[in-house]
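**Q** 3D model of this:
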Amino acid sequence: MDFIIGDWVKLIDNPSDDQDRWGGNSSHKLLVPNSIYTVEDIEPHSWHTKIKLKEINGYFNSVIFQKIRKSNKSFYITNHRKKEEEVSSDDFYSTHPDSIKLFLDTFLSKYKIDLAWEPACGTGNISEVLKEYGIKVHSTDLVDRGYGDAFFDFLGPQLISPQVDTIITNPPFKNAERFIRRSISLKPKRFVIMYLKLTFLESKKRYNLFKEFPPAEVYIHSSRQGCDPHGKKDFSNGGAVCFAWYVWITDKPQHSTQLFWLPPNS
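**A** A predicted model of the protein is given here:
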C-alpha cells in the first residue's frame, strides 16, 4: 500500500516479528493496537518502505499498517484560494481551559474516556486539557493553527471512522448540526460531546435533529463562560453567553434528556 505524509494509519491485526526484522525496522510492540497514528516521514527502499510516525521514535515496516484516512494536504495546495476563502469565516472561538475542566470533573466521575478525537482542535485548548486528565487525543482541524493535523475536513466526503471511544469538540456554530450528525454517523464507541450555546436547544431548524437524536445528557454551566476568537489560552473566563456540554451516548438508544448543572466559575 502506498502512503503519503499526513495519512492516518493503524496497525494491522497480528503483525509479526519477522515483518519488524525485515530491513531492521522498529518493533511494532512499541505501538498500541487500534490507536491512530499520523505518517510523518517515508523512507523507500528497494524491497520495502519504512514510515516514521508522528511523536513516535523509530521507523516501521509499512506493511504492518492499514490506512485509515488519506492526507488532505495535496487538496489544500491545489485549492489554496478556495480554502483561504473558507477559513476566513470559519467561526473559530477557542474554549477556556477552565470550562473544559469544570465539565470533565463532573463527567469523569461517572464515565471513562480512553481515546478521543477532537476534530476542530483550533489551538489545542480542549486537547491539552484532555491530556492533563490522562486521555489520549487525536487532534485535527480544517485550518493550520499550529496544533494537531491541519487541513482535515471533518465534514468532507469519504471520511473513514477511526476507532475512538469519544468525539469531543467545540464545533463552528454555523456547522454545529452537521458536526453532530457526522460524529454520530461515525459511531464512536461511547460518546459524542459538543460544547455549544445553551440556546442551541431552541430553533425550529433543529427540531428534527433533537427528535431524531436527543442528547442523553446536557451539562449546563452555572456561570457564563468565555470564548476567544484569537486562540488565546489566557483570556478571561466570562461573558454574556451561557454554554453547555451536549452528550450523546452512542452505545445505547436515547429517548429522553437529563439536565445537569456544573458548578460556578471559581
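**Q** where are the low-confidence patches of the stretch 101-250 of the chain?
**A** 158-162, 229-240 (pLDDT under 70).
**Q** how about 90 then?
**A** For the stretch 101-250 of the chain, the stretches with pLDDT under 90 are 142-146, 148-153, 155-163, 173-174, 203, 224-241.
**Q** how about the helices in it?
**A** In the stretch 101-250 of the chain, the helices defined using DSSP state H, counting those that start in this stretch lie at 125-132, 176-185, 207-212.
**Q** want to throw these into JSON lines with mean neighbour count and distance to residue 35?
**A** Every C-beta, even on glycine, is put in place using the N, C-alpha and C of the backbone. Shown next, in JSON lines, are those (neighbours: other CB atoms under 10 Å; distance: least, CB to CB, whole Å):
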{"stretch": "helix 125-132", "mean neighbour count": "20", "distance to residue 35": "14"}
{"stretch": "helix 176-185", "mean neighbour count": "19", "distance to residue 35": "19"}
{"stretch": "helix 207-212", "mean neighbour count": "12", "distance to residue 35": "31"}
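**Q** now render those as a markdown table, adding distance to residue 146.
**A** Output for these, formatted as a markdown table (distance: least, CB to CB, whole Å):
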| stretch | distance to residue 146 |
| --- | --- |
| helix 125-132 | 12 |
| helix 176-185 | 22 |
| helix 207-212 | 33 |
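**Q** which residue is nearest the centroid of this protein?
**A** residue 118 (1.9 Å; CA atoms, centre = their mean).
**Q** rounded mean pLDDT for the helix or strand that contains residue 261, please.
**A** Residue 261 is part of strand 258-262 when elements are defined by DSSP states H and E. Strand 258-262 shows a mean pLDDT of 97.
**Q** distance from that strand to the middle of the chain?
**A** Between the centre of strand 258-262 and the centre of its chain there are 24 Å (CA atoms, centre = their mean, to the nearest Å).
**Q** now it: buried residues?
**A** Buried residues in strand 258-262, counted by 16 or more other CB atoms under 10 Å: residue 262.
**Q** neighbouring strands of that strand in the sheet, and parallel or not?
**A** Strand 258-262 pairs in its sheet with strand 217-221 (parallel), by DSSP bridges.
**Q** buried sites along the partner strand?
**A** 217-219, 221.
**Q** quick one: which two of those are the most distant?
**A** Greatest spatial distance among the buried residues of strand 217-221 (CB to CB): 217 and 221, at 13.9 Å.
**Q** correct me, but residue 3 touches residue 9?
**A** Yes. Using CB atoms under 8 Å, residue 3 is in contact with residue 9, at 7.0 Å.
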